[in-house]
Every structure is written in C-alpha cells, then in structure tokens.
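S.K.: Generate a structure from the sequence data that follows.
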Amino acid sequence: MDQENKEAQAQAHSKHNTGAADLEKVTDFVEEKEISGKNLDNAITAILDKRKLEAEQKAELERRLASVKVKKEDVELICQEFEITKVKAERILKENNGDLRAALTILFN
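M.R.: Purely as a prediction, here's the structure:
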C-alpha cells in the first residue's frame, strides 16, 4: 500500500514538473525573439514618414481641388436631385473637374 502511494505521488510530482519545463520553453522562445531598440526606432520612423507623406498628398489634393471652378447651377441641381449637402455636391463636382455629366454618373453608380 505504501508503495502505491509513493508511485502516485511520483506521478503527480512529474506532472507538475512538466509544466515548469513547458514554461521554460516559452520563456526561452520569447528571449530569442526580443525586438532590439534599433529595429523599433526604424519601425516608428517608417510609420511617421508614411503618415507625413499621406498628409502631404492629401494637402496637394485639396490644393488641386480648390483651384477647380464649379457652376452654382450645377451644385444646386445636384443638391436638389440627390438631396445632399452643398459642400458634398461641390466636392463631387470638383473631383470631376467641374464636369456635371461625370459627377452625375458617379452619383448614380
């Protein structure tokens, strides 16, 4: 009987030890995959550069659209027919270089 208890305790103890071994494997893996400070700095710089480029492109688009002239009658027609705001109607016309037919095609589709 005493022998059976010892075997049961040994099996229970070995079960608990495998958890510690698994934990050791995980921590070893994480330690191997740590990110260096230089890589992190490079990633942040790349993200900031991309955001800056996108902001510059958006500003250029806004400048280009601001230079497009649209007819007041075209804006009113789009506002009445599609029940959209004047600002949105102007934006759609400017994106289509003031071409009413192209703007209406975009709105229909």
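
S.K.: And the helices in this protein, which stretches?
M.R.: Along the chain, the segments classed as helices by DSSP state H run 2-32, 37-66, 72-82, 86-95, 100-108.

S.K.: Show me what the third one is packed against.
M.R.: Based on contacts counted as 3 or more CB pairs under 8 Å, 6 or more residues apart in numbering; DSSP states H and E, the elements that helix 72-82 packs against are helix 86-95, helix 100-108. In this view, the C-beta of every residue, glycine as well, is placed from N, C-alpha and C.

S.K.: So for Lys50, which of those helices sits nearest?
M.R.: helix 86-95 (23.8 Å; CB to CB).

S.K.: in that closest one, what's buried?
M.R.: Ala89, Glu90, Ile92, Leu93, Lys94, Glu95 (16 or more other CB atoms under 10 Å).

S.K.: swap in stretch 75-88?
M.R.: Val75, Leu77, Ile78, Cys79.

S.K.: So the first one sits against Glu90, correct?
M.R.: Spelled out, it's Val75. Yes - counting by CB atoms under 8 Å, Val75 touches Glu90, with 5.5 Å between them.

S.K.: show me what contacts Val75?
M.R.: Lys86, Ala89, Glu90, Leu93 (CB atoms under 8 Å, 6 or more residues apart in numbering).

S.K.: Which single one of those is nearest to Thr105?
M.R.: Leu93 (12.1 Å).

S.K.: And for the closest one, nearest residue in space, chain neighbours not counted?
M.R.: The shortest distance from Leu93 to any non-neighbouring residue, by CB to CB, 6 or more residues apart in numbering, is to Val70 (4.3 Å).

S.K.: Sketch out the low-pLDDT regions of the chain for me.
M.R.: 1-35 (pLDDT under 70).
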